[in-house]
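# Dropping a prediction and its sequence here:
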Amino acid sequence: MNEIIFATGNENKVKEVKFALDGILSIKGLKDIGCTTDLPETKDTFEGNALQKAQYVVDNFKVDCFSEDTGLEIEALDMKPGIYTARYAGPNRDKNANMDLVLKNLTGKTNRKARFRTAIALIVNGKPHIFEGICNGKIATERMGNEGFGYDPIFIPDGFDRSFAQMSKAEKNEISHRGIAIRKLIAFLKDK
């Protein structure tokens with residue numbers, strides 16, 4: 001296998017995964033196969049949503065692919081936003097509004113423990129495979145840094161005093177939830 005479809009319309013995610021897979025496998029996004037549909041995400045788990053999106057692409061475009069669903073889980077907020085991470089502040093998926101709402105909801109709370117969790121669903125020859133990555137950390141009290149995307153400016157991974165948004169792509173990929181899950185996917189694909 002030389003090429004696989006990443007079932008996402010999020011170009012930032014495509015770039016991050018291409019960077020992680022540099023020279024190993026060619027990745028194409030949904031735009032590359034002419035898919036402009038907002039893929040369904042109606043399941044109640046990251047794994048369920050990832051599998052649902054991948055299955056949609058397999059069924060409608062007849063290609064092997066993988067998809068992922070990622071969420072931020074914050075202890076003090078009962079593990080929210082969870083599966084609603086992208087739409088936490090509303091259906092517009094506004095990253096600034098999402099971060100503002102998290103920071104507002106954590107006002108006065110001392111427990112800022114959080115984790116990012118990624119589930120990747122790969123479907124090859126009709127058979128599904130799931131890979132998970134988790135990165136533990138905490139939520140900052142304010143935005144820090146300009147790199148990355150989504151909640152990166154407010155998430156500080158364990159063992160660091162910097163947010164994801166203050167790290168290079170290479171540094172973030174080494175420790176991130178998505179990087180961990182992608183390395184599991186790569187190991188699996190290398191055995192195929």
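Arrived safely.

# Report back the residue of the chain that's furthest from centre.
Relative to the mean C-alpha coordinate of the chain, counting by Cα atoms, centre = their mean, the farthest residue is Gly108 (28.2 Å).

# so which strand or helix has that one?
Element membership of Gly108 [criterion: DSSP states H and E] is none; it lies in no helix or strand.

# Same check on Gly150?
Element membership of Gly150, judged by DSSP H and E, is empty: it is in no helix or strand.

# now do Arg117
Following DSSP H and E, the helix or strand that holds Arg117 is strand 113-124.

# repeat for Leu103
Remark: Leu103 resides in helix 95-105, with elements defined by DSSP H and E.

# Over to Ile130?
Using DSSP H and E, Ile130 maps to strand 127-139.

# which element follows the helix ranked longest in the chain toward the C-terminus?
Ranked by residue count and defined by DSSP state H, the top helix of the chain is helix 46-61. Helices and strands here follow DSSP H and E; after helix 46-61, the next one along the chain is strand 65-74.

# how much does the worst-scoring helix or strand of the chain on mean pLDDT deviate in direction from strand 113-124?
Ranking every helix and strand in the chain by mean pLDDT, DSSP states H and E puts helix 11-20 at the bottom, with a mean of 80. Between the axis of helix 11-20 and that of strand 113-124 there is an angle of 80 degrees, by axes from the mean of the first three to the mean of the last three Cα atoms, to 10 degrees.

# list the helices and strands helix 11-20 packs on?
Using 3 or more Cβ pairs under 8 Å, 6 or more residues apart in numbering; DSSP states H and E as the contact test, the elements touching helix 11-20 are strand 3-6, strand 26-28, helix 169-175, helix 177-190. No exception for glycine: its C-beta is placed from N, CA and C like everyone else's.

# Which positions within that helix qualify as buried?
Across helix 11-20, burial judged by 16 or more other Cβ atoms under 10 Å covers Lys13, Val14, Glu16, Val17, Ala20.

# Repeat that for stretch 161-181.
For stretch 161-181, the buried set under the neighbour-count rule, 16+ other Cβ under 10 Å, comprises 163-167, 171-173, 175-181.

# what's the closest of those to Val63?
Taking Cβ to Cβ as the measure, Ala181 is the one of those closest to Val63, at 20.4 Å.

# which ones are touching the nearest residue to Lys138 once chain neighbours are set aside?
Nearest-residue entry for Lys138: Arg112, 4.4 Å, with adjacent residues in sequence omitted and distances by Cβ to Cβ, 6 or more residues apart in numbering. By Cβ atoms under 8 Å, 6 or more residues apart in numbering, Arg112 lies in contact with Ile74, Ala76, Leu106, Lys138, Ile139, Ala140, Thr141.

# if we can go back for a sec, show me what the helix holding Leu103 is packed up against.
With 3+ Cβ pairs under 8 Å, 6+ apart as the test, helix 95-105 has no helix or strand packed against it.

# Done for today, thanks.
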